[in-house]
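In: After the sequence you'll find the predicted model.
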Amino acid sequence: MSWTDERVELLKKMWGDGQSASQIAKELGGVTRNAVIGKVHRLGLSNRATTASAKPATASKAEAKPATEPKPKAPPKPETVAKPAAPEPAAPIPIRKAIIPAGQPLPPQPSANEISPEALAKVSEVEKKAKRLSLLELTERTCKWPVGDPATDDFWFCGLATQAGKPYCEAHVGVAFQPMSARRDRRR
């Protein structure tokens, strides 16, 4: 079913006459009540919730149409159309996790029991040989593993050669990218 101009005009007329979405859907055929409601919404038609002077759909033609009205398909009079509701206030923006300012303690890091002892031993050996680069000295070929507290002068990045396709050296890849089963087993 497509919304042709004729079907849209019939929808507008019936909606203006006060018929329900179910009645309009039945009259149009091949369309659901929800489709009618959606189309009414997209067209920006009145929701009629506050319109007290709208005639019920079962009113006789004599009641619904005054004798002096020039056209039978005239749009509803302005006094019978409810004013559009004021836009609802925007939903509150969700609060993001705060950036920790310099000098503040860092949140808890993964504990040593979550990382295999072999990986920890390898990391401590590698960090003794690390190049200790600053952020500005990093390239795509240097390990970007941070070491220390960023709020202190003793903060640096590993700087050793990266493993292919990874941002870290071999030792730090072993800590950062662990198989799911290994992580799951340590939690038990």
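Out: Arrived safely, thanks for sending.
In: can we go C-alpha only for contacts and neighbour counts from here?
Out: Fine.
In: domains for the chain, by residue range?
Out: Here the domain assignment for the chain is 5-80, 112-187, based on automatic domain parsing.
In: which one of those domains has the lowest average pLDDT?
Out: Comparing those by mean pLDDT, the weakest confidence falls on domain 5-80, with a mean of 74.
In: any idea how far V126 is from A164?
Out: Taking Cα to Cα, to the nearest Å as the measure, V126 and A164 are separated by 17 Å.
In: With F177 instead?
Out: With Cα to Cα as the criterion, F177 and A164 are 13 Å apart.
In: circling back: between V126 and A164, who's got more neighbours?
Out: Here V126 and A164 are set side by side on neighbour count (other Cα atoms under 10 Å), and the busier one is V126, at 17 against 10.
In: The more buried one against A171, yeah?
Out: Yes - checked against Cα atoms under 8 Å, the pair V126 and A171 is within contact range at 6.8 Å.
In: now the strands: where do they sit in the chain?
Out: With DSSP state E, the ranges of strands along the chain come out as 146-147, 156-157.
In: Name the strands paired with the first one and say parallel or antiparallel.
Out: Each strand pairing with strand 146-147, determined using DSSP bridges, is listed with its direction: strand 156-157 (antiparallel).
In: what's next to the partner strand, contact-wise?
Out: Taking Cα atoms under 8 Å, 6 or more residues apart in numbering as the criterion, the residues outside strand 156-157 that touch it are 131-135, 138, 143-148, 150.
In: out of those residues, who's nearest K39?
Out: K144 (53.3 Å; Cα to Cα).
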